[in-house]
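Peer 1: I'd like to go over a predicted model; first the sequence, then the structure.
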Amino acid sequence: MTMPDDVTTSASPAPLPADYAERVYAGVLGKVLGVYLGRPVEGWVYSRIQEELGDIEYYVHDKVGVPLIVVDDDITGTLAFLSAIGDNGYDFGVTSEQIGDAWLNYVIEDRTIFWWGGMGSSTEHTAYLRMKAGVPAPLSGSAELNGPVVAEQIGAQIFIDGWAMLVPGQPELAADIARRAAMVSHDGEAVLAAQVVAAMEAQAFVERDIDRIIEAGLSVIPSASVIAGLIRDLREWHRTEPDWRVARERLEADYGYQTYGGNVHVVPNHGVIVLALLYGAGDWDRSMMIVNTCGWDTDCNSGNLGALLGIRNGLAGFAGSRDWRGPVADTVYLPIADGARTASDAATEALVITDIARRIRGEEPLVVKDGARFSFPFPGAVQGFRVVSGSGTVEVLEGAGAGGSLGLRLSGGDGSTVLLTTPTFMTPEILTSQEYGVQGTPRVNPGQTLNATVRADAASACIRLAVQVYDEADQLRTVTGPEVQPPAGTWTELSWTLPDMGGYPIATVGLQVEGTDGLDVDRMDWRGAPRVVLDRPSAATTAWRRAWVDGMDLFGEGWGPGWPEPYRLIQNQGSGLISYGPRDWTDVQVTASMTPHIALSMGVTVRVQGLRRHYAVLLTSQGRVRLVKTVDGRVTVLAEAPVPWNLYTEYRVRVRAHGDRITGWVDGEKVVDVVDTDGPLTCGGIGMMCEEGRVGVGPVAIRPSQDTDRDEG
């Protein structure tokens, strides 16, 4: 039987197996590949798929005229909401209410992650509105408030895989944490389906037998539930009927959308997952064909089953006659309010999950190659790297890294110029996408030092570190660092401090290579605080403004004659925030010119970790300046002082975060200075706030906290 939300199992997380990190990577990769495979036919029924495409045996995006790599709620929600554990001190007992706080922190209303279909139509939107109005989870997702149809849609199941990966071999514990996560937005059979998926995935770390994996799922839910009865029926059909198509017909007849209503009910789609698991017998190709050819919510079903099979089979399960991994190249986009995670990859996200799993057990994080962002930690994990111009291919192989480790191998070139890169911000095709509210901010910026460890096959090789940066037409241009000609066969360190880019965001990092047909890359990374001025470029289009995560009602450049400010913030009700920069910034300072036209308050934020976790120096219409700390929406005033408030007057606001000390200046005068010793926020980006009104902003300068200038006084 399931338990009430405030009760957890008495078990604690067990030690992690030796191959844990790689199995998590295989699970994340399976989720991503499954979603990309199913997304082009999302919502199609079996008959349409058969008529237009036949059996779906490989990627079909090109056949229906859509991109392969897309922003998708299934991936984003699965990976984003795990942050609730880290935000609460890596306590595995995190509650539904705390997970709900993570929703409010990382989801940008009406823009990101969810289908914003309205109250009583979209389950996630309904739960979000409940929590925004002060209804805590799990009541926010209850059938009591939202009705059983809304509460039993598919969303809880599609977001559940990451929670299961934290407790390998412990299906009861996986079901327990899955229940707490699922009840933020769902109830009834939807929660039970999520528990079954989580339990099966946890068991798949230690069990290959499909029947025993399914038994683990059944063991965590009531036998009288609809989900349990569905699974029993499917197992009986599989025992007596060898043809999966006949079983699919019976599934549709007995458990189809005509019986289980709403937009996308969990019951029929859970049935598709179990059917494909049974008839696919653990084989990736066959299972993916069945789960997608069946139709209905294909990306969700394919993503859940892909995660389960990835965990069960490991990386070897993706090998075969078809290249599943190459076209995707690990690429993942996560549009959340912690905006520098937008451009990510399956290996990086697997290490995030591994880090959480180790920390909840009191262990140190797994550090690969001194923590380099691109360390190629798993076989085949290219981490988004592709050849974008010139000839050649990339793969990750043992021996291509220093000391015989895994590394990225560029081969097959003809000695001409080759550019290989990986995204660190939204690339043009993602920037213009309308899918699930694309938001993001660059991971790397001018003033930081890009570095790589490389080895060339030929002494004639010329190698440069390179970035692709947006231009005045919102297209990418290549900027390269100093040329290096390393000795053949010798590991060489490359380093380049990134110059000013004229206000345009950097979209990719990589290498430009010529004069060799082979190159090994052990690692790539960047270090240091940024030194960048964010202003309207000389020829302003879109990308420079899209480099901010937009949590305002209206955010734009100064439109028209007489509106000269680079950025305009408009908030109709409450407070809005725009933010810039990754969570890994620690000691930085930011200076911004701000002009209130009508507002209750305005200010500059540092250590931004989403919409509701940051420090802010706020100027208020009451003639006060306040240093406030916000954690999960709870606001604490750390210091305040008088500062005159005048509309249409430009203020120069500067905030510095250095260690536990937050200092603020207004027009060169130090006004607040606090050492926060009570659970300080230690890292994060920067931002600008406006409360109920309109504020002109810009330019905005970001630099290391150690820098001094005439404002210090």
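Peer 2: Perfect, thanks for sending it.
Peer 1: okay, CA-based contacts and neighbour counts for the rest of this
Peer 2: Fine.
Peer 1: so Leu79 is in which element?
Peer 2: Per DSSP states H and E, Leu79 falls inside helix 73-80.
Peer 1: which strands and helices sit next to that helix?
Peer 2: Counting contacts by 3 or more C-alpha pairs under 8 Å, 6 or more residues apart in numbering; DSSP states H and E, helix 73-80 is packed against helix 20-38, helix 161-165, helix 298-313.
Peer 1: Make CSV from those helices and add distance to Asp584, mean pLDDT and mean neighbour count to it.
Peer 2: Formatted as CSV, the helices and strands packed on helix 73-80 follow (distance: least, C-alpha to C-alpha, whole Å; pLDDT from 0 to 100; neighbours: other C-alpha atoms under 10 Å):
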stretch, distance to Asp584, mean pLDDT, mean neighbour count
helix 20-38, 22, 98, 28
helix 161-165, 22, 98, 29
helix 298-313, 28, 98, 30
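Peer 1: Quick one, which of the ones you listed gets closest to Gln468.
Peer 2: helix 20-38 (25.3 Å; C-alpha to C-alpha).
Peer 1: Output the closest one as CSV, nothing but the C-alphas.
Peer 2: Below are the C-alpha coordinates for helix 20-38, written out as CSV (Å, rounded to 0.1, in the frame of the first residue of the first chain):
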residue,chain,number,x,y,z
TYR,A,20,26.9,3.1,-10.9
ALA,A,21,27.9,6.2,-12.8
GLU,A,22,28.1,4.6,-16.2
ARG,A,23,24.7,2.9,-15.6
VAL,A,24,23.2,6.2,-14.7
TYR,A,25,24.7,7.7,-17.9
ALA,A,26,23.1,4.8,-19.9
GLY,A,27,19.8,5.5,-18.2
VAL,A,28,19.9,9.3,-19.0
LEU,A,29,21.0,8.5,-22.5
GLY,A,30,18.2,6.0,-22.9
LYS,A,31,15.7,8.6,-21.7
VAL,A,32,17.0,11.2,-24.2
LEU,A,33,17.2,8.9,-27.2
GLY,A,34,13.7,7.6,-26.4
VAL,A,35,12.2,11.1,-26.2
TYR,A,36,13.9,12.2,-29.5
LEU,A,37,12.7,9.0,-31.2
GLY,A,38,9.1,9.4,-30.1
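Peer 1: orientation of it relative to helix 298-313 in degrees?
Peer 2: Angle, helix 20-38 to helix 298-313, by axes from the mean of the first three to the mean of the last three C-alpha atoms, to 10 degrees: 150 degrees.
Peer 1: for helix 20-38, packing partners?
Peer 2: helix 73-80, helix 284-293, helix 298-313, helix 346-360.
Peer 1: Can you tell me what sits against whichever helix or strand comes after the longest one?
Peer 2: It refers to helix 298-313. Moving toward the C-terminus from helix 298-313, the next helix or strand (DSSP H and E) is strand 331-333. With contact meaning C-alpha atoms under 8 Å, 6 or more residues apart in numbering, strand 331-333 is reached by 32, 69-71, 76, 341-346, 383-384.
Peer 1: let's go with 10 Å and repeat that
Peer 2: 29, 32-33, 69-72, 75-76, 325, 340-349, 382-385, 422-423, 425-426, 430, 438-440 (C-alpha atoms under 10 Å, 6 or more residues apart in numbering).
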